[in-house]
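Colleague: model the structure of this input:
(chains A and B)
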Number of protein chains: 2
Amino acid sequence: MTAPFSFRLIASDGTARRGAFITPHGTVLTPAFMPVGTQATVKGVTVDELRRTGAEIVLGNTYHLMLRPGAERIATLGGLHAFMNWEGPILTDSGGFQVMSLSQLRKLTETSVTFRSHIDGTMVELTPERAIEIQSLLGADISMQLDECLKLPAPRAEIERAMLLSLRWAERCKRAFESAPPGRALFGIVQGGDDTTAPALPAERPRYLMGVGTPDDLVEAVARGIDMFDCVLPTRNGRHGAVFTRFGVLNLANARHRDDPRPLDEESAYPPARTYSRAYLSHLVRVNELLGQMLLSSINLAYYQGLMAGMREAIAQGRFAEFRAATREGWARGDIAPL
Amino acid sequence: MTAPFSFRLIASDGTARRGAFITPHGTVLTPAFMPVGTQATVKGVTVDELRRTGAEIVLGNTYHLMLRPGAERIATLGGLHAFMNWEGPILTDSGGFQVMSLSQLRKLTETSVTFRSHIDGTMVELTPERAIEIQSLLGADISMQLDECLKLPAPRAEIERAMLLSLRWAERCKRAFESAPPGRALFGIVQGGDDTTAPALPAERPRYLMGVGTPDDLVEAVARGIDMFDCVLPTRNGRHGAVFTRFGVLNLANARHRDDPRPLDEESAYPPARTYSRAYLSHLVRVNELLGQMLLSSINLAYYQGLMAGMREAIAQGRFAEFRAATREGWARGDIAPL
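Modeller: Below you'll find the predicted structure:
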């Protein structure tokens, strides 16, 4: 991480932490959840709506953007912020995860990873230096080092080998990042496999658990001192009719919602969650209307953001354990009784 | 049409008319374009966004809504306005067109039309009385009589037969509509085939050309005295990457837009049409992102509404012919030059 990037711890409660970091595009309160804008858009959500859900920072995927529309093209068009019309901070991943998960064929050497594009089959080489260059072209407020991301579970020897390669690549990324504009940050990646490494991380730096998770995962990880998250679950599940609420996960295709005039959650701070009836949302899901995917994606993102805001407030007030217990109890109790 | 429904002619310019009608859910200025909310949603557009495009009235499809989620269900849930959270006026068609276009098997008698549902194959009977009942259950501000809608072209004798049947059904619909709440309107349908019947219609009543059309169709029909339109083109074309502008129809998948940082139309009154670059919209279309479908649907609807507003103003100022010529000239000139 470069020096000018500013992270500040505001409060802690047990191992849970509340903080804030400042980027060239604004401040982000932590613990923070970052919606995933894979292809320069959070699927099914306009940037105005994204703001209304409470999002302060968005994630972009280097792997997808380097293939389509291309990093140089986005740079010529003014960078990713201008391209997608999002004025807030952006974090970009480095592509390591997608190279592992999306590409059928990949060749890994000390120097680079070469993979076959899942779109048009061309071979693409990604070095640590190129990963940094791409993220600089995109104009990311926070860049991630290139790492080797293993499919888990994996043997410990294999995890160690990948960790050591990722460490050497971290050095190369750091050198490539030296000419970055002030205020931009580079995050290192700890490939810890299934082992929990949070206690070994420096307390004064933000801790980002990549690609996680369910609301329960988030609460449990915040309890262990994690500050940042990203995950496709809220939008992906929303597109398939599943909605996250304080009553747990509801499947709107379920017959019990079909005639229910009540909103998903009359106490939600996000208007669509208290405005539309369950019957209407259920109808949209059943007839596979775009609006169903749009509303449920936004409602899920707003639930995640509300959960993060609740945790931040609880940590500040020294009642995180209570908040965690009450939240889990709500999920365990399940949905409101049918009419 | 029942008496309390109030339509007022405000100005005319040649045969073009400017007017307004009042419904229980508000006033609609004419000439008016009604976005199509087939399944209780305008595809890909929230009701808030729909308002921002300038829409004052929405169309609902009786055929679709009677099958899913069902008219009685919507009535129990408070009617179509509450169901879809649209507070403005709603016009519902009577199902005649969809029975003709969507149903593989139909049996037409003097009494009713029986058709096979395109969803689950069940046989459904629709009488003129049931068509009115369904629209009343939905709570439509304007209901349409059940008609026999022919595939065109058709022999004149066949058009006459269908017209006479539709006329007898109009009588039955009118009787069934007698107990409707005050302020609601029932529109008759003139099945004129390909013949232009506008001059034969009473001047003091609104004239609605159903299912039309392209921007050019709208301008030409307004010139001939039409007051109301509905059409799926703006949303359907938007979902497929085609956008209506004052420069004509643009295909955003076209390579010329790929690196173009300019907006679709920097003079548009609708922010997304002047905020997003053509390059970004082209990217969204190419990678098939939901946001592309959403933005282009809204942008197209806003273009239609802007066109209607332009025509209303021109009629009021007695310069409709000039507006029509300038608009057509803009379309003929085509898109702005590539960079």
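
Colleague: in stretch A:243-253, what's buried?
Modeller: Neighbour counts over stretch A:243-253 (16 or more other Cβ atoms under 10 Å in any protein chain shown) mark A:243, A:244, A:245, A:246, A:247, A:249, A:250, A:252 as buried. Every residue, glycine included, has its C-beta placed from N, CA and C.

Colleague: check residue A:193 and give its pLDDT.
Modeller: Residue A:193 is assigned 69 on the pLDDT scale.

Colleague: would you confirm that residue A:297 contacts residue A:45?
Modeller: Yes. At 5.5 Å, residue A:297 counts as touching residue A:45 under the criterion of Cβ atoms under 8 Å.

Colleague: more neighbours, those two?
Modeller: residue A:45 (29 against 26; other Cβ atoms under 10 Å in any protein chain shown).

Colleague: burial of the nearest residue to residue A:221 once chain neighbours are set aside, as a residue count?
Modeller: Ranked by Cβ to Cβ, 6 or more residues apart in numbering or on different chains and with sequence neighbours excluded, the top spatial neighbour of residue A:221 is residue A:209, at 5.3 Å. Counted with other Cβ under 10 Å, residues neighbouring residue A:209 total 20.

Colleague: hang on, the earlier thing: now, among the buried residues of stretch A:243-253, which is nearest to residue A:224?
Modeller: Comparing the buried residues of stretch A:243-253 against residue A:224 with Cβ to Cβ places residue A:244 closest, at 20.9 Å.

Colleague: burial count for residue A:215?
Modeller: With other Cβ under 10 Å as criterion, residue A:215 counts 23.

Colleague: separation between it and chain B?
Modeller: Applying Cβ to the nearest Cβ, to the nearest Å, the value for residue A:215 to chain B is 23 Å.

Colleague: cool, and residue A:280?
Modeller: Taking Cβ to the nearest Cβ, one finds residue A:280 at 5 Å from chain B.

Colleague: which residue comes closest to that residue once chain neighbours are left out?
Modeller: Per Cβ to Cβ, 6+ apart, closest to residue A:280 is residue B:83, 5.4 Å.

Colleague: what pLDDT does the one you found get?
Modeller: 98.

Colleague: did I read that right, it in a helix?
Modeller: Yes. The assignment for residue B:83 by DSSP: H, G, I helix; E, B strand; the rest coil puts it in a helix.

Colleague: quick check: closest non-adjacent residue to residue A:57.
Modeller: Using Cβ to Cβ, 6+ apart, the nearest residue to residue A:57 is residue A:89, at 4.3 Å.

Colleague: so the one you found sits against residue A:141, correct?
Modeller: Yes. Counting by Cβ under 8 Å, residue A:89 touches residue A:141, with 4.3 Å between them.

Colleague: and chain A, which of its residues are near chain B?
Modeller: When proximity is defined as Cβ under 8 Å from any Cβ of the partner chain, chain A approaches chain B at A:39-46, A:68-69, A:73, A:76-78, A:82-85, A:258-259, A:261, A:275-277, A:279-280, A:283-284, A:286-287, A:289-291, A:293-295.

Colleague: buried among those residues? Make that a PyMOL selection.
Modeller: Buried subset of the residues of chain A next to chain B, written as a PyMOL selection, criterion 16+ other Cβ under 10 Å:
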select buried, chain A and resi 39+40+41+42+43+44+45+46+69+73+77+83+84+85+258+259+276+277+279+280+283+284+286+287+289+290+291+293+294+295
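
Colleague: ok, the closest residue in space to residue A:92 that isn't next to it in sequence - how many residues close by?
Modeller: Closest residue to residue A:92 apart from its sequence neighbours, by Cβ to Cβ, 6+ apart: residue A:140 at 4.0 Å. Residues near residue A:140, counting by other Cβ under 10 Å, number 29.

Colleague: next, the contact list for residue A:140, please.
Modeller: A:60, A:80, A:90, A:91, A:92, A:184 (Cβ atoms under 8 Å, 6 or more residues apart in numbering or on different chains).

Colleague: what is the neighbour count of residue A:304?
Modeller: Going by other Cβ under 10 Å, the residues that sit close to residue A:304 add up to 25.

Colleague: element containing it?
Modeller: According to DSSP states H and E, residue A:304 maps onto helix A:290-316.

Colleague: also residue A:119?
Modeller: Using DSSP H and E, no helix or strand contains residue A:119.

Colleague: the nearest residue to it once chain neighbours are set aside and residue B:83, how far apart?
Modeller: The shortest distance from residue A:119 to any non-neighbouring residue, by Cβ to Cβ, 6+ apart, is to residue A:67 (5.5 Å). From residue A:67 across to residue B:83, the span is 42 Å (Cβ to Cβ, to the nearest Å).

Colleague: how about the contacts made by the residue sitting nearest the centre point of chain A?
Modeller: Closest residue to the average C-alpha location of chain A: residue A:230 at 1.3 Å, with Cα atoms, centre = their mean. The neighbourhood of residue A:230, defined by Cβ under 8 Å, 6+ apart, consists of A:33, A:34, A:35, A:36, A:59, A:91, A:208, A:210, A:211, A:212.

Colleague: only the buried residues of the helix-or-strand element of chain A with minimal mean pLDDT, if you could.
Modeller: Taking mean pLDDT, DSSP states H and E as the measure, chain A has helix A:96-102 as its least confident helix or strand, at a mean of 85. For helix A:96-102, the buried set under the neighbour-count rule, 16+ other Cβ under 10 Å, comprises A:96, A:97, A:98, A:99, A:100, A:102.

Colleague: would you list the contacts of residue A:230 in a markdown table and tack on pLDDT?
Modeller: Below are the contacts of residue A:230 laid out as a markdown table (pLDDT from 0 to 100):
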| residue | pLDDT |
| --- | --- |
| A:33 | 98 |
| A:34 | 98 |
| A:35 | 98 |
| A:36 | 98 |
| A:59 | 98 |
| A:91 | 98 |
| A:208 | 96 |
| A:210 | 95 |
| A:211 | 94 |
| A:212 | 96 |
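
Colleague: out of those residues, which end up buried?
Modeller: For the contacts of residue A:230, buried by 16+ other Cβ under 10 Å: A:33, A:34, A:35, A:36, A:59, A:91, A:208, A:210, A:212.

Colleague: in helices, which of the residues you listed fall?
Modeller: Secondary structure assignment (DSSP state H) places none of the buried ones among the contacts of residue A:230 within helices.

Colleague: please tell me how far residue A:62 sits from chain B.
Modeller: Distance, residue A:62 to chain B, using Cβ to the nearest Cβ: 15 Å.

Colleague: do the same with residue A:98
Modeller: Taken as Cβ to the nearest Cβ, the span from residue A:98 to chain B is 14 Å.

Colleague: that residue - nearest residue in space that isn't next to it in sequence?
Modeller: Nearest residue to residue A:98, sequence neighbours excluded (Cβ to Cβ, 6+ apart): residue A:63, at 3.5 Å.

Colleague: the one you found touches residue A:95, doesn't it?
Modeller: Yes. With contact defined as Cβ under 8 Å, residue A:63 counts as touching residue A:95 (3.9 Å).

Colleague: of the two, which one has the most company?
Modeller: residue A:95 (29 against 26).

Colleague: tell me the mean pLDDT for stretch A:173-183?
Modeller: Per-residue scores along stretch A:173-183 average to 95.

Colleague: repeat that for stretch A:258-269.
Modeller: 98.

Colleague: what's in contact with it?
Modeller: Residues from elsewhere that reach stretch A:258-269 (Cβ under 8 Å, 6+ apart): A:243, A:245-247, A:250, A:273-279, A:281-283, A:286, A:299, A:302-303, A:306, A:336, A:338-339, B:69, B:73, B:76-78.

Colleague: same question, stretch A:96-107
Modeller: A:61-64, A:113-118, A:126, A:144, A:146-151, A:189, A:210-211.

Colleague: filter those residues down to the ones in helices?
Modeller: Using DSSP H, the contacts of stretch A:96-107 in helices are A:62, A:63, A:64.

Colleague: one step back: what distance do you get for the residue nearest to residue A:221 to chain B?
Modeller: 27 Å.

Colleague: next: residue A:219.
Modeller: For residue A:219, the distance to chain B - Cβ to the nearest Cβ - is 29 Å.
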